[in-house]
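Trainee: model this:
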Amino acid sequence: MKNLSWFNKTMFFFNIVLAVLTFVAYVLPFLAPKIFPFLSVLTLFLPMMLILNVIYFIYWGIQFKRQVLLSALVLLLGITFINKFYKFSEKNLPEEVSDFTVLSYNVRLFNKFEWSDKETVPVEISDFVKENNPDILCIQEFSNAKEFDYARYQHKYILSKGDKIKTGQAILSKFKIINEGEVVFPNSNNNVIFADIKKGKDTIRVYSIHLQSIKITPDVNEISDDINGIDQQKSQRMFKRMSTAFKEQQLQAEIIMEHKKDCKYPIIICGDMNNSAFSYVYRVIRGDMQDSFEEAGSGFGKTYDFKYYPARIDYIFADKRMQVKNFKNFIEIVDSDHFPIMARLSMVEDKKL
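Mentor: Numbers count the residues shown, from 1 in each chain. All right, here's what the predicted structure looks like:
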């Protein structure tokens, strides 16, 4: 330290602070949010912290300073987290007759409340689904839209609630649905629906989930202003709201896990988790399942239209009795505040060995 300039000493001080916060964020996925609900907010910013650690690593490295070891250690310990944030190459295995595709999309009520100036949103979403032709379609924030073409799906499970405005979720399938149901969350408008789908000799259970929103603005500038003290009271309210949402999500995740533990079928869980891949909720819901993005995706895997930040909060988890052969996130589709995601899967026994 004594050989460092005053500027480098200041830089290293902030480097240490960043390293400590990053280590804390590494541990948080293994701690229930109800224990440290406020600290759980850090998991949302872990990708940003990883990027800053890379910058520090380069900064010290080009100066041949031993301080580079701190950032090197942080990055080495977090190598598994980096894979959740960014994938350098995708997997696209040859398509076979036995493959099937699952598409998950939070459609934001098909623009029922006109958040977008486009009047053709339901038609454009319908055209997008028609073009990609998924075998199983899971829709969150579903609302009846006469412009959406349901005809291609003979088998449907649609659950809508509400008096004047009915909203909910839908699972649409080209394969027969032999059982269906809802997983209810206490004191929440969010929920999970599931369908047992018969595909050939296999039966697959598909869950479509929509967890409690953490209610943050899509504009990262507003959050930055709050944190910088322009509106300290608003910032405190925001973090309190997020902390409460994390605790609610923990309960919801545990309810999902309790529901699926006795299921004898291979399982697919997809939908809007409203949390990052670095969270306790993600770890609990995923369990030993495969994250389709990690298995076959590329890039940041962005699924939510959060300004300047590649937020990934929508997922398709596949049972280990399946193979993930391809994964896409469609960031060019701007008909909702979420981007649709699709995975191509096959049952393990269908693979050519």
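Trainee: I'd like the distance between the nearest residue to residue 102 once chain neighbours are set aside and residue 101.
Mentor: Spatial nearest neighbour of residue 102, chain neighbours left out: residue 136 (4.6 Å); criterion: C-beta to C-beta, 6 or more residues apart in numbering. Quick note: C-beta positions are derived from backbone N, CA and C, even for glycine. According to C-beta to C-beta, to the nearest Å, residue 136 and residue 101 sit 7 Å apart.
Trainee: which of those two has more neighbours?
Mentor: Neighbour count, other C-beta atoms under 10 Å: between residue 136 and residue 101, residue 136 has more, with 28 against 19.
Trainee: Give the bridge partners for residue 180, please.
Mentor: Judged by DSSP bridges, the bridge partners of residue 180 are residue 195.
Trainee: roughly how far out does stretch 58-69 sit from the chain middle?
Mentor: Taking C-alpha atoms, centre = their mean, to the nearest Å, one finds stretch 58-69 lying 34 Å from the centre of the chain it belongs to.
Trainee: And it, what's buried?
Mentor: Neighbour counts over stretch 58-69 (16 or more other C-beta atoms under 10 Å) mark 59, 60, 67, 68 as buried.
Trainee: would a markdown table of those residues with pLDDT be doable?
Mentor: What follows is the buried residues of stretch 58-69, written out as a markdown table (pLDDT from 0 to 100):
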| residue | pLDDT |
| --- | --- |
| 59 | 96 |
| 60 | 95 |
| 67 | 93 |
| 68 | 95 |
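Trainee: and of those, the nearest to residue 77?
Mentor: Using C-beta to C-beta, residue 68 is the member of the buried residues of stretch 58-69 that lies nearest residue 77, at 15.0 Å.
Trainee: Enumerate every residue touching the nearest residue to that closest one once chain neighbours are set aside.
Mentor: Sequence neighbours aside, residue 60 is the residue nearest to residue 68 in space, at 3.7 Å (criterion: C-beta to C-beta, 6+ apart). Residues in contact with residue 60, defined by C-beta atoms under 8 Å, 6 or more residues apart in numbering, are 15, 66, 67, 68, 71.
Trainee: Name the helix or strand of the protein that has the lowest mean pLDDT.
Mentor: The weakest-scoring helix or strand in the chain, judged by mean pLDDT, DSSP states H and E, is helix 220-227 (a mean of 44).
Trainee: Next secondary structure element downstream of that helix?
Mentor: helix 232-260 (DSSP states H and E).
Trainee: And that following helix, what does it pack against?
Mentor: Judged by 3 or more C-beta pairs under 8 Å, 6 or more residues apart in numbering; DSSP states H and E, helix 232-260 is in contact with strand 176-184, strand 191-199, strand 202-210, helix 220-227, strand 267-272, helix 280-286.
Trainee: From the chain's centroid, how far away is it?
Mentor: Put simply, helix 232-260 sits 15 Å off its chain's centre (C-alpha atoms, centre = their mean).
Trainee: okay, now the domains of this structure?
Mentor: Listed domain ranges for the chain are 6-85, 100-350 (source: automatic domain parsing).
Trainee: so who does residue 30 touch?
Mentor: Going by C-beta under 8 Å, 6+ apart, residue 30 touches 280, 283.
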